[in-house]
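Chemist: 3D model of this:
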Amino acid sequence: MTTVPTQLLIGGELRDAQSGATFATFDPAHGAELGSVAQAGAADVDVAVAAAREAFDGAWARTAPAKRSRMLNRLAQLIDEHTDELAELESRNNGKTKWQCVAEIKVAVATLELFAGAAQHLYGRSHVVNPAVVTYTLREPVGVVGAIIPWNYPFMMAAWKVAPALATGNTLVLKPATATPLTAIRLGELALEAGVPAGVLNVVPGPGAEVGEAMAAHPGIDKIAFTGETSTGRRIAETAAKTLKRVSLELGGKSPNIVFADADLDAAVIGSLWAIYYSAGQSCEARSRILVADEAYDAFASAFAEKAKALTIGDPLSDDTKVGSLISRAHAEKVRGFVKMGVEDGGELLAGDGLSLGDGLDADAFVAPTVIGGVSNDARICQEEVFGPVVTLTRFADEKEAIGIANDVRYGLAATVWTGDAARGHRVAQRIRSGAVGINTPFVAFPGVPFGGFKESGYGREQSIEALDLYTETKAILQGTSPKTVNPFGI
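Modeler: Residues are numbered from 1 along each chain as shown. Below is the predicted model:
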């Protein structure tokens, strides 16, 4: 693996934190330190915001959309050329399998290409108010955006924020998660190589309690775009409200996966494995509650548990590994605590009681794909986000009950419905309170498809054209056309 930058990126330059502080970043699967990273503080946020404001007030906001489009396409090309390097770095710093990281890098490329095209299609509208007044609207950039991204999809989530923000002419201060800062800094370097001017994209790794808080409160930041845990999102919204800055939030989930008796059970089993165990279950849209029709429950539970036990757990850099490590020992221990709680609340452990790993791996950072059967939806494990490779199985009697259970959580990010009845699939999808619903497919996120949640899963939509609304202001221009003087007072 090539040497990677571990400094702040502000105003086009790599630099140390003003305090000189650093923090260690790790390879969780092997329990090894990867490097010492400059730790930004509130003073560094001030400098980054000033650099972003200077770039915004300078030429960037007035850069022709076609030129912004070329820069984003060039950045996409550079990322594509560095896929292997970025995927290995992401895998080492995050613990997820490298082949999954490769797929996520490709999504980042596609997202940048999507918004590169959109940059030249920011349309307003015209309207004749009356014969004497013609109006038209402009879509203008919000200004300086503060983007705060999570540790579970570090590079991809950064692209989800960077692409629409730059396409619409904004500048950014990007805060990666403390656990996974490395690929975000590398993204900033590649943006400079792609021709993005200094100060347009600034990267400030550091603790959320200081850096994230400073960004949310900063009067020089016009919008916060946050992806992460719900309680943190609530705190950001409260802090940002004091300066009335725009906020978009993509938060947690406790997503249902509904299996009707008329479904193709083999397809439902395979798809449901992916829906929960991809990224070791550390995914906001993970379908962590499987609801199964009474008459199909036993067959599904048996087949699903056997498949879960067969998933290969091990070195994230191995092509054979299906499930890598969790982000840290501490998080793995928290997940194991939820498993214990689920069993104590009456669940039956159907898979997940064994873990065999190769030499050199930190077993304390791994959790085997776990299945807990016979769980009531009011159990804590069904109501709280576990964020690990743990799924619960709950029975339902009929369609009405399935929908009721599916909606009986405070989240509403994603869902999946498995059924052989097309009408039922669409009917149920329309009644589930979630931002995205897959019918007979585990996939709920693609570039170009709106992604975001209902209820406590947040607000705003990303990864699609709808995201342009999050990063632009609408300005109305009015032009008088009458040859007569406008004289309302009649003087």
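Chemist: where along the stretch 201-350 of the chain do the strands fall?
Modeler: 201-203, 223-227, 246-250, 256-259, 289-293, 348-351 (DSSP state E, counting those that start in this stretch).
Chemist: Would you mind telling me which of those is nearest residue 157?
Modeler: With CB to CB as the measure, strand 223-227 is the member of the strands of the stretch 201-350 of the chain nearest residue 157 (5.3 Å). Heads up, the C-betas are built off the backbone N, CA and C, glycines and all.
Chemist: Which strands and helices lie in contact with that closest one?
Modeler: When contacts are defined as 3 or more CB pairs under 8 Å, 6 or more residues apart in numbering; DSSP states H and E, strand 223-227 packs onto strand 144-148, helix 154-167, helix 230-241, strand 246-250.
Chemist: right, so the ones you listed: which one is the most enclosed?
Modeler: Among these, ranked by average contacts under mean count of other CB atoms under 10 Å, first place goes to strand 144-148 (a mean of 29).
Chemist: Pull out the buried positions in the longest helix anywhere in the chain.
Modeler: Of all the segments of type helix in the chain, defined by DSSP state H, the longest one is helix 98-118. Using 16 or more other CB atoms under 10 Å as the burial criterion, the residues of helix 98-118 that qualify are 98-102, 104-116, 118.
Chemist: what number of residues lie near the closest residue in space to residue 451 that isn't next to it in sequence?
Modeler: Distances taken as CB to CB, 6 or more residues apart in numbering put residue 463 closest to residue 451, at 4.6 Å, once the chain neighbours are dropped. Residues lying near residue 463 (other CB atoms under 10 Å) number 26.
Chemist: Of all the helices and strands packed on strand 223-227, which one comes closest to residue 54?
Modeler: Taking CB to CB as the measure, the helices and strands packed on strand 223-227 were each checked against residue 54, and strand 144-148 came out nearest at 9.9 Å.
Chemist: who touches that closest one?
Modeler: With contact meaning CB atoms under 8 Å, 6 or more residues apart in numbering, strand 144-148 is reached by 49, 52-53, 56, 158, 161-162, 165, 170-175, 208, 212, 215-216, 218, 220-228, 236, 471.
Chemist: that older thread, adding mean pLDDT and distance to residue 399 as columns, could you present the helices and strands packed on strand 223-227 in a markdown table?
Modeler: Compiled in a markdown table, these are given as follows (pLDDT from 0 to 100; distance: least, CB to CB, whole Å):
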| stretch | mean pLDDT | distance to residue 399 |
| --- | --- | --- |
| strand 144-148 | 98 | 39 |
| helix 154-167 | 98 | 34 |
| helix 230-241 | 97 | 29 |
| strand 246-250 | 98 | 29 |
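Chemist: Would you reformat the strands of the stretch 201-350 of the chain as a markdown table and include distance to residue 324?
Modeler: Supplementary listing: the strands of the stretch 201-350 of the chain in a markdown table, determined by distance: least, CB to CB, whole Å:
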| stretch | distance to residue 324 |
| --- | --- |
| strand 201-203 | 25 |
| strand 223-227 | 21 |
| strand 246-250 | 23 |
| strand 256-259 | 22 |
| strand 289-293 | 22 |
| strand 348-351 | 18 |
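Chemist: ranking the ones you listed by burial, who's on top?
Modeler: Looking across the strands of the stretch 201-350 of the chain with neighbours counted as mean count of other CB under 10 Å, the highest average goes to strand 201-203: a mean of 29.
Chemist: For that strand, name the packing helices and strands.
Modeler: Judged by 3+ CB pairs under 8 Å, 6+ apart, strand 201-203 is in contact with strand 8-10, helix 42-57, strand 171-175, helix 182-193.
Chemist: buried sites along the longest one?
Modeler: Which is helix 42-57. The neighbour-count criterion (16+ other CB under 10 Å) identifies 42, 44, 45, 47, 48, 49, 50, 51, 52, 53, 55, 56 as the buried residues of helix 42-57.
Chemist: for the third one, what are its contacts?
Modeler: This means residue 45. With CB under 8 Å, 6+ apart as the criterion, the residues that contact residue 45 are 173, 204, 211, 214, 215, 218.
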